[in-house]
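> I need the structure of the sequence given here:
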Amino acid sequence: MLHGSFWMILLRWTIRLTGLVSTVILARLLTPADFGIVAMAMVVVAMLEVFNQTGQKLAIIRIEDPTTEHYNSVWTVSFILGLVIAVSILIAAPFSQFYFHEPRAVPVMQCLALRAALSGLENAGSVDFRRDLKYHIFFLYNVVPKLVSFVVTIVLAYAWRNYWALVVGILVNQLALTVFSYVIHPHRPRFSFKKTGDIWSFSIWTFIRSIGVYMNQQIDRIVIGGISGAPAMGRYAVGADVATSPSREINDPMIAVLFPVMARLQGDQAQLRAIYLRTVEWSALICLSSSVGVALVAQQMVPVVLGSKWIDIVPLMGWLSLAGGILGVSGATYTLFDALGKPYISARMQWFRVIMLMLAIIPTGIITRSLVAIAIVRLIVIVIFVPTLFSAAGRLVGISMIDYVKVIWRSAVAAIAMAIAVLAFDLSVTASDAVELFAKILLGAAVYSSALWALWVASGRPPSAEQDILAQIEKYARLLFPRRAVKT
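Numbers count the residues shown, from 1 in each chain. All right, here's what the predicted structure looks like:
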């Protein structure tokens, strides 16, 4: 799992580093309104594209010996859904301006309908890279199209200086991904519905969950787009992306690797419980350190990374990063439900969170019209929701809340220690934004690592994420500094 996580984390960080460089450049070439127009269009496009996220490829991963007909059935359904979604986007686009009051978003949506059609054409055989744990190939499969899109987007943004550069970049990325899926995998799909029933029995619940995932991610943006317009939408979208990226882009790849591993252990509950708790521990280490870290350096990070015209998003950053970090700690729970063959629980929990967010965010947005208030409410809802999610998983595999506390507490205490140290530094030192940002990052990393290590040692060095880190350090130390053979 750690080996696969290395490739998936490398993949996500290569893509996100490319995206970060792209965002930094584009933030200086384009305006918040440009980002807001595309964000509005993507709300509608993604809302309809979610209907093609039926979990069919996950179903193939769970099947012990999938046949060619399984792959063909997945491709056929995806192709048909892609066409239906593309037509639906074209039909829905003109009506979106009655809510967003932004006519420029309509032609953007209509152009992005092509993305849905191209997505449906992707080679279903590419799922084998995850199924067979060949993550080095999966890395190439995703990185090459992203790099092509990056170059095209930057060149067009420099030439055009408007939001159409973003639109073309999105389309180029999907076109390159679809073409490359046939270049890198030998499977050639044909129309078939023979195994649709086998696939759909699992994927229907994944489909329902996917809609819930989308709503959870977009409900605040939908509210903001309706009450505040394109500039506010752009600020919130960019703020949320920058605030949550550090935790999400390390944690999510690890969770992605978890499903194929758990699928092979679905008959051994003790092993499932052990690997699930270890993953929660890793998620806590990653998400709590990075989310608290972003909250602590937001004041300097925004002007240095994005530029002074984005300074308005600073008050959002802390709330959004903490919300993303706390939610990220529970990310492996949905994978556990799927591995146990209970995707309906994942779907129910996602929709439970949707209802909580809707009841909290919609009235907050209407009454306050404040982006900060919406971000705070999102954090409060997540703090309430995560324990209920842990409890639902614990009942299935025999895990108590005390078990969760045992694997999370060291990361939480280390994050608090880091916060105290960085806040004290902030009060006592004044420097340029760039220097202060660099110093706070170094200080935070040093304090967090030291505190985490000291707590682990004080706890008696239990089997844990810290032990995994130590084992990896020792492994690479032996490779770099091999001992000389002793003659006897």
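
> which stretches of the stretch 1-150 of the chain have low pLDDT?
When residues are selected by pLDDT under 70, those of the stretch 1-150 of the chain lie in 1-9, 12-13, 16, 19-20, 23-24, 51-64, 131-133, 135.

> okay, the nearest residue to L396 once chain neighbours are set aside: pLDDT?
Leaving aside its sequence neighbours, L396 sits nearest to L340 (CB to CB, 6 or more residues apart in numbering; 6.2 Å). (Each C-beta comes from the backbone N, C-alpha and C, glycine too.) The model reports L340 with a pLDDT of 79.

> now for L340, how many residues are close by?
For L340, the neighbour count with other CB atoms under 10 Å is 16.

> surely it touches Y276?
No: in this structure, L340 is not within contact of Y276 by CB atoms under 8 Å, at 10.0 Å.

> quickly list what's touching both of those two.
V397 (CB atoms under 8 Å, 6 or more residues apart in numbering).

> which other residues reach stretch 37-46?
With contact meaning CB under 8 Å, 6+ apart, stretch 37-46 is reached by 89, 92-93, 96, 100, 102, 104-105, 108-109, 112-113, 115-116, 163, 166-167, 170, 214, 218, 221-222, 225, 230, 233-234, 237.

> quick check: F337 vs G331, distance?
12 Å (CB to CB, to the nearest Å).

> tell me the pLDDT at L327?
92.

> that one and L277, how far apart?
18 Å.

> with M47 instead?
Using CB to CB, one obtains 35 Å as the distance from M47 to L277.

> same thing with L175?
42 Å.

> list the contacts for I80?
G120.

> let me know the pLDDT of D198.
For D198, pLDDT reads 62.

> also the one 10 residues further on?
Per-residue pLDDT puts I208 at 77.

> sticking with it, tell me its helix or strand.
Per DSSP states H and E, I208 falls inside helix 196-228.

> quick check: closest non-adjacent residue to A434.
Using CB to CB, 6+ apart and skipping residues adjacent in sequence, the residue nearest A434 is V304, 5.2 Å away.

> pull the contacting residues for the one you found.
433-434, 437.

> same check, this time on A445
Per CB under 8 Å, 6+ apart, neighbours of A445: G293.

> average pLDDT for stretch 427-441, rounded please.
Stretch 427-441 carries an average pLDDT of 89.

> what does that stretch contact?
293, 296-297, 299-301, 303-304, 422, 425-426.

> can you give me the end-to-end span of that stretch?
Separation of the first and last residues of stretch 427-441 by CA to CA, to the nearest Å is 15 Å.

> now it: buried residues?
433, 436-437, 439-441 (16 or more other CB atoms under 10 Å).

> just to revisit the earlier point, okay, L327 and L277: which has more neighbours?
Between L327 and L277, counting by other CB under 10 Å, L327 is the more crowded of the two (26 against 19).

> buried stuff in the helix or strand where the more buried one lies?
Assigned by DSSP H and E, L327 belongs to helix 314-329. The neighbour-count check on helix 314-329 (16+ other CB under 10 Å) flags 315-329 as buried.
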